[in-house]
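Asker: Structure for the following, please:
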Amino acid sequence: MSVSNPPPHLKELLSNVSETASLLDIHASVGGTGPGRRRGIEVLNKSAIVLVVACWEAYVEDLAKTSLEFMIKHAADHHAFPDSVLERVASKNNGLKAWALAGDGWKQALSDNLAEVLAKTTGTLNTPRAAQVDELFAKTIGRKDISKTWRWSGRTSTQAVSALDSLVTLRGSIAHRVKHSASVRKQDVMNAFDLVGRLSIRSNNEIRAFIHSRVSRYPWDEMTYMATA
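Answerer: Just a heads-up that it's a prediction; the model follows:
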C-alpha cells in the first residue's frame, strides 16, 4: 500500500505494515522467488498473518481516537455528536439535561466514553471483525455501519466483510494452534496486505466525510489506495 501525505493513523499503519512486510523479504531470501511451495518456512507466512491483523487492529483504534479528538476540538458544542452517542454518555451523567450544565465537561465525557468502549471491547477488538469495528465507531463518534462502505471494484461490502472475518479467524487459528491445519501461502499474506490496505483507505475516507458532516471541517485529505507489488 502506498499513499502520499497520510494522516497520523495511516502513517502509523504504513510503518507497521512495512515492518511486517520484512517477513516476506526473509521469505524470498531463504526460499527464493521462483514458483513452487517452500518447505520449512511457512512459519514466516503464519507470522505475517498474525502481524497483519495486529496492524489492522491498531489502525482501527488509532482512527477512532484521532476522529474523536478532531471532532471534540472543532465542534461548536456537544450537538455535533449524534443523539445515540450523547444518550449513551448522558446515561452515565444523570440524563440529557446534564449536558446543558456541563460547560466543556462534555469533551472529557466523550473522551472517557471512548476509553470505556475500548476497555470493554479489548477482548473482542483483539478479534477485530466487522461487527466489532462497527460497534466501536457507532458508540464513540456515532458513525454507524462503517463496514457497509467497504466495497470497491470487484468486491461488494458483503464480500469484504467475509474476507476480513475469515482473515481474523485464520489469525486466531494460527495464534492458538501454531500448526494450523490448512497451508498458509505467501499469496495468502499478499491478499491480507491488500485487504487491510483497502479497508483502511475506505474507512479513512468514510470517517473523513462523516466528520465533515458533523463539524463542517475536513480532518484530513481524502486518500487513494495504490497497490504495491
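Asker: now stretch 16-25: mean pLDDT?
Answerer: Average pLDDT, stretch 16-25: 77.
Asker: how far is that stretch from where the chain is centred?
Answerer: 18 Å (CA atoms, centre = their mean, to the nearest Å).
Asker: mind listing what's buried in it?
Answerer: By 16 or more other CB atoms under 10 Å, the buried positions in stretch 16-25 come out as 16-17, 20-21, 23-24. The way it works is simple: take the backbone N, C-alpha and C, and place the C-beta from them, glycine included.
Asker: hey, where'd the strands end up in the chain?
Answerer: Counting by DSSP state E, the chain forms no strands at all.
Asker: How about K107, nearest residue that isn't a chain neighbour?
Answerer: I72 (4.8 Å; CB to CB, 6 or more residues apart in numbering).
Asker: so who does the one you found touch?
Answerer: 107, 110-111 (CB atoms under 8 Å, 6 or more residues apart in numbering).
Asker: Specify which member of the buried residues of stretch 16-25 is nearest to S84.
Answerer: N16 (31.2 Å; CB to CB).
Asker: and the closest one, what does it touch?
Answerer: Contacts of N16 were listed using CB under 8 Å, 6+ apart, and they are 51, 54-55, 58-59.
Asker: worst-scoring helix or strand of the protein, pLDDT-wise?
Answerer: helix 122-125 (a mean of 62; mean pLDDT, DSSP states H and E).
Asker: And the helices in the chain?
Answerer: Remark: helices assigned in the chain by DSSP state H are 8-31, 42-74, 83-90, 105-120, 122-125, 130-140, 157-176, 186-215.
Asker: now the end-to-end length of stretch 73-91.
Answerer: 23 Å (CA to CA, to the nearest Å).
Asker: Buried residues of that stretch, list them for me.
Answerer: In terms of neighbour count (16+ other CB under 10 Å), stretch 73-91 has its buried residues at 75, 78, 80-82, 85-86, 88-90.
Asker: returning to that earlier point: rebuild the helices of the chain as a markdown table, extending it with distance to T149.
Answerer: Shown next, in a markdown table, are those (distance: least, CB to CB, whole Å):
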| stretch | distance to T149 |
| --- | --- |
| helix 8-31 | 17 |
| helix 42-74 | 13 |
| helix 83-90 | 18 |
| helix 105-120 | 20 |
| helix 122-125 | 19 |
| helix 130-140 | 11 |
| helix 157-176 | 7 |
| helix 186-215 | 5 |
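Asker: Out of the ones you listed, which gets nearest to D221?
Answerer: Here helix 186-215 is closest among those (CB to CB), at 8.1 Å.
Asker: most neighbours, which of the contacts of I72?
Answerer: L110 (23 neighbours; other CB atoms under 10 Å).
Asker: Now for it: which residues touch it?
Answerer: Counting by CB under 8 Å, 6+ apart, L110 has contacts 68, 72, 78, 81, 85, 89, 140.
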